[in-house]
Structures are given as structure tokens and as C-alpha cells.
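Undergrad: The following comprises the amino acid sequence and a computationally predicted model.
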Amino acid sequence: MQTKTALPAPPVFESWGRYPRHRADVVPLYWMSDFPLSTQPEDAVPGSMLPVGMGRSYGDSCLLEGGTLLAARGLDRFIAFNPATGLLRSEAGVTLAEILDFAVPRGWFLPVTPGTKFVTIGGAIANDIHGKNHHVAGTFGCHVPRFELVRSNGQRYECTATENQSFYEATIGGLGLTGLITWAEVQLRPIVSRKIKQDSIKFTGLEEFFALSRESQHMEYTVAWIDCVSTGKNFARGIFMRGDHSEQPEELKPSAKPKLTMPVDLPAFLMNKATIGAFNSAYYAKQFAKRKAGPVDYEPFFYPLDSVLHWNRAYGKQGLLQFQNVMPWEPGEYQEGFTQLLKAITASGLGSFLAVIKIFGDVRSPGMMSFPAPGPMIALDFPVRGERSFDLTEKLADITAAYGGKMYPAKDARMAPRHFQQFYPQWQEFARYIDPAFSSAFWQRVTAVA
Amino acid sequence: MPDRWSYPPKRILVLGATSAIATAVMRQLVSPSVHFFLIARSREKLTAVAQDLLVRGALRVDMIVGDLNETNAHPQMLAVATSQLGAIDLALLAHGVLGDQVTAEQDYVAAEHILITNLLSPISLLTWLGNYCESQGRGTLAVISSVAGDRGRKSNYVYGSSKAGLDAFLSGLRNRCDRAGVQVLTIKPGFVATPMTAHIAKNRLFATPEQVACGILKAIRARRDVVYVPWFWRPIMIIIRAIPERIFKARDL
């Protein structure tokens, strides 16, 4: 059925934070041969295209003002799988959820997974994502031995650590700017059970968190939820979670589909100091014992928020801001920069429902612009409350800069050019590999001349 | 006849196998005991679909690259397919074009093209397949039609008439083959988010190919005759059909 009469304007492609908003045409790609586009002129307008996947980046790295978003989600086919080695080749629009549905019943798991499984392989490479096992496994890009990159001039590059090495390194963490990733290989890891042997421990204060992290280095997954609202004796209290894949063989059933969805935007005033404070206290109090251990399914362990589709609508129409940074280790026990950061957040009263801290390890990513670096990292979200929120993110960026840390482009909507260029001094070297026809709202913002 | 109405089907012929709805149906049916035979125009796309099914665990995937508008080639294609498959549990006809109504209004050749792809080609295939299934005394012929066939509207009546003709043909074929144990399923999707509708702005009425595939499989399993997918199109179309022509003709639909 078709309607040719006056069509309503297509909806704006939104990032996960729904802030900022930009309008671009969306052209869906269904086949690897769909790009370069048949309608694309020989010399496409510079900076007029950007590939996008599930739109799970929070800020504007998956947005473009004007121009064309190449929606690659339709490239969703598997190409080859070696059941002996666990090497999977698939088109770049395949999601991690689809890989899990396929791989888990066959005894394989993702080598690295973020806090949502609703991201595409292309997006995972472009943001060089990380997970709770960064301290042992490094980033996602460390497990992608080969992919194809197609440039807007039609040139196709098969990239590995030794073939087309520069494009390989620039594309991992390259924010989709180096061309379209059409397919990629991912090295999966074996499992015998869906279960994670989880251990969660309450802590108070960063020193206790650092000690728990050190003590848990041998475990595959570590992360901590931290209360970003409480001050005084409750400052920096949280729950440290660690786990390993269960070694007890068990039936590897596929996952159920998510049933809950946030159907509408909640009014923004629901996210206030009182509700966020109450949530943080309740979350901390939910676990009564100092320590709780036991096997849990991997779904709630890795993807607690995926069970509610569109949870970002809880922040209302204004959307949310994410902040994520990593700070380098300071000599000695006391981590002044990280502590200051946390104090600035609690003092702002803008708080956050879910603030997460973790220690990044020193496994090197092949990605030129990759975000993770050794040291403590924090990730949290704020409701967008105009200047108050922007002042806070700027303050946090200043602290990050003062202590030699860096921020994560995939989570950013506000970073100033001076900050970005300090965090990523290799940005000009990287810019040489950007496809001339490609750009993003993020890239235009952080490379703008002051 | 224990295996006559067996579900799920194991020997599956798919015409227009690179269509998004066909892909979604095949992914839900794939298992280590399923043998697919695929026919579509583009070798490259067909290979991508076949590889995907093999990785997902299909027993075997064979294919012929061919243009289904060339009805002369149908008997030979279908003879090859059935000899490879050994028998047909399910044949899914998924090829079709939306066409451009505005062009088709001015240019009969454009209208004819829509009718060849959506009506004459399926009739040719179903003539052969109807006889084949009738003689094997079993099998499901599942054919993708459209809600657009329920009533001609000015915005797509050439497409709509191709589907209306198809509906009538399927109804007759069902009437003939039911007694031989053959299921003829008329599938009537509404708006589906596929490459065919990529240029149309999406609204709440749009379904995903996966939702449509679920509806199709349920209907095959229940041996239904006609299925609207998603289900809400049935009441919508009852209302649309009930509008008197005197009123309908003056509307912009």
C-alpha cells in the first residue's frame, strides 16, 4: 500500500540522549552494494554524509545537520561462522543482540559488550566500545581482526592490522567518519552457560572502591554503581559488582524478547533532586547484606536497562546529557582529580540515577582515536536543565583537562573544541583519513575554530 | 497421512527470495533439517541471503538467479527446484513491485509492468505449482498479496488491481486444491517497513518484516486461507470496503 500525496516530514533521527537535535535525510541501506548511493554525484558534497546504526550514541556523534544519514541497520546478514574458532563475519548493521541470539545457543559469547545489546557492529567499531572486562580484554576493536571499509568514491578497503593498516587504525574509534563499514569479523569467546557468577559488595568511599578493584583484577567483569547524590559520611558509597562466566555446563537457551517499553515521554519534573536522591538511597538499600554472591543470567548482569525499551523517554522531551571520562592514575593512594570530579557532581545536585565507575586496564586498542586509557572512569547521566546542566558538564570537562584525563565522544554533546583537541592531540593526524564526503555534528563542533 | 499437514515445513521454495518479508520468514523457519531453494534476480543479493541462512544453520540452500517476469522460463526453473527439493512443503511467493502510480496513470507500459510482476508472473508460477502440489497431495502455497487489493484507491489502484486479481485467482485455486490437501494462503500485509516502502515516511501503522513473518507462520500453521498482517488490517479493511462508492469516490485516499 502506498500513499504518494503530501507526506509528513520524516521524524528527526534522534541520538539516545535526544539532545541536541539535528535534521538530515535518512537513506536506509539494505545491501552492501547500496553504497555509494546511486543518486550520489561523482563528487559528493564535502561533509554531507554519515553512517548511523541504532542511534545509541548519546550526543551528536551520530547526527548531522542537513546532508544524509546512511542508516546501515538493514545490513543485517551473517556471512560466515567458524564453529571451531568462534570467528563470525557479518554485515555491519547486525546488532549485538542478534549476535547473542545466534551465538549463545552455539556456546559462544561477545568478546566485549557495553551496557546495551542494541548497538550495531559498525557502531561498536566506530566508537571502539568497551565493557566491564576492559581491564582484561581491552576494547571491542581488539577483537575485530578484519573489516571492509567503503569510501564515498567507491574504493573498497579490506582492513586488518597489517593490510590497509592506517584505515584499520583510523576506523576503529573513528566515529564513522572514515567511510562506511560494510562487514566485519568478530572473534567470539566460548561459554558453557548463560550464567555469570556474580558477587556484589557494598562500599563507602573511593579508597574502598580502588581496593576492591585491585583485589578483583583477576575476575573478568568488574563495575561499580555509585551514589552521586549523597554527601558526608555517605559520600561515594556504592555497590561493587564483579563476575566470571560460570564454568558449570548448562542448557544454552536463547533470550526472551524485551516486553516492556516506555511508551511516552515522562514529564521532565519527575527527574528532580528528591526523586533521584530517593532512587539512589533505595538502590543502595536494596542490597541489605554487605556482600551478596550467586549466579545470575547474563541478561540482567550486562543489560539491566535493555529490559525497558526507550528508557531514555524517562527524561522527558528535553532529553539527557551523558558524561563519561577517564582519569590517569595519580601517584599514591589518593586520587585527587577523580575525587574532585565526584565532589563537583554531588555538589551540583543534578545527580544521576545511574552513575557507573570502573577501572580501565592497559590493554592497548588498535584504534587511533580510541577512548579508554588506564585509570578510573566514571559515566553518568543528567537531565537537560539548560545552563545549570551545561555549567556542570563544562566544570567536569575542566577538571578532566586539569588532571590529564579525557572524555568519550560517544557520550558527549557539549565538549568544547579546546577540550577535545587537548584530550585527543592526534585529531589532526586522524583527520587525514576522514572520507571527504563524511562528517558529523560532533566533528564539526569539536573541530570548530574558536 | 501423518506427515501431510506437517509443520514446520522442511522443503521450502521461495520466489523473490531477496524480499525483506521473505528473508524474515526464512530466518524464523531455519533449522538444521530445512532445505531452501531460492529464486531471485540479483546473484549478489541472493548469495548474501543464502549465506545468511547457511550460517544460521540451514541444512542446504540452493538457488537460481532469474527474472520471474519471464514466465517462459518458469516451468524449467520450477522443475529444477522441485527435483532438488524432492517435494514441496511450502512455496512462498514474495516478489512484487509497488510501481509508481503517477507514471502508471499516464503510461500503459508502466502499468503493464506492475501487472506482469504482481499478477501474471504469480499466475504462471501458481499454475505450475498448483498442479504439482495437487498431484503430491500436500503442501502450502503462501502468496503475498496486499490490503491494497481490497479496494481500488486513486493513490495506488494499478498496484491494487494487480493484487485484487491475484486475490481472485488464489480464491479459485484454493477452491480447487483444498480437496487435494493443499493449503493456499493469501497474505495481506498493510504497510511494512521494507526497501519497497523506504521512500515513505513511517507512522504507527507500519509493521516490521519480523512481525509480518510471525503472522504468516501462524497462519500457515493454523492452515488459514486469508490472513491480514498485522491483524488490525482486517477490521480496517472491513470498514474501508463498507464505505459506499458514492462517498468513496469523492475522497482523497
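TA: Perfect, thanks for sending it.

Undergrad: C-alpha from now on. contacts and neighbour counts both.
TA: Noted.

Undergrad: What count of nearby residues applies to residue 239?
TA: Chain wasn't specified; assuming chain A. 23 (other Cα atoms under 10 Å in any protein chain shown).

Undergrad: um, chain B though
TA: 10.

Undergrad: residues of the helix or strand hosting it that come out buried?
TA: Using DSSP states H and E, B:Ile239 falls within helix B:233-242. Within helix B:233-242, the residues that count as buried by 16 or more other Cα atoms under 10 Å in any protein chain shown are B:Trp233, B:Arg234, B:Met237.

Undergrad: B:Gly152 and B:Ser162 touch, don't they?
TA: No. Contact criterion Cα atoms under 8 Å: B:Gly152 and B:Ser162 do not qualify, at 10.1 Å.

Undergrad: Residue numbers of the stretch 51-200 of chain B in contact with chain A?
TA: B:51-52, B:55-56, B:98, B:146-148, B:155-156, B:160, B:190-191, B:195, B:197-198, B:200 (Cα under 8 Å from any Cα of the partner chain).

Undergrad: still on that earlier bit, quick one, which of B:Gly152 and B:Ser162 is more surrounded?
TA: Comparing B:Gly152 with B:Ser162 by other Cα under 10 Å, the one with more neighbours is B:Ser162, at 24 against 18.

Undergrad: did I read that right, that one in a helix?
TA: Yes. Looking at B:Ser162 with DSSP: H, G, I helix; E, B strand; the rest coil, it is inside a helix.

Undergrad: before we move on, back to that, what is the mean pLDDT for the helix holding B:Ile239?
TA: Across helix B:233-242, pLDDT averages out at 96.

Undergrad: again with stretch A:253-271
TA: 78.

Undergrad: Please list the residues outside that stretch that contact it.
TA: A:101-102, A:104-105, A:194, A:299, A:306-311, A:313-318, A:383 (Cα atoms under 8 Å, 6 or more residues apart in numbering or on different chains).

Undergrad: filter these down to the ones close to chain B.
TA: Answer for those near chain B (Cα under 8 Å from any Cα): A:Phe102.

Undergrad: Let's see the PyMOL selection covering just the buried ones among the contacts of stretch A:253-271.
TA: To isolate the buried ones among the contacts of stretch A:253-271 in PyMOL, judged by 16+ other Cα under 10 Å, type:
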select buried, chain A and resi 101+102+104+105+194+299+306+307+310+311+313+314+315+316+317+318+383
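
Undergrad: so where is chain A shaky, pLDDT-wise?
TA: A:1-11, A:41-43, A:259, A:450 (pLDDT under 70).

Undergrad: hey, where'd the helices end up in it?
TA: For chain A, applying DSSP state H gives helices covering A:96-103, A:121-126, A:134-137, A:165-171, A:206-215, A:273-286, A:298-302, A:336-348, A:386-402, A:417-423, A:427-431, A:441-446.

Undergrad: which one of the ones you listed is the most hemmed in?
TA: Mean neighbours per residue, mean count of other Cα atoms under 10 Å in any protein chain shown, is largest over the helices of chain A for helix A:121-126, with a mean of 28.

Undergrad: for that helix, the distance to its chain's centre please.
TA: 10 Å (Cα atoms, centre = their mean, to the nearest Å).

Undergrad: For B:Gly130, pull up the helix or strand it's in.
TA: According to DSSP H and E, B:Gly130 maps onto helix B:121-136.
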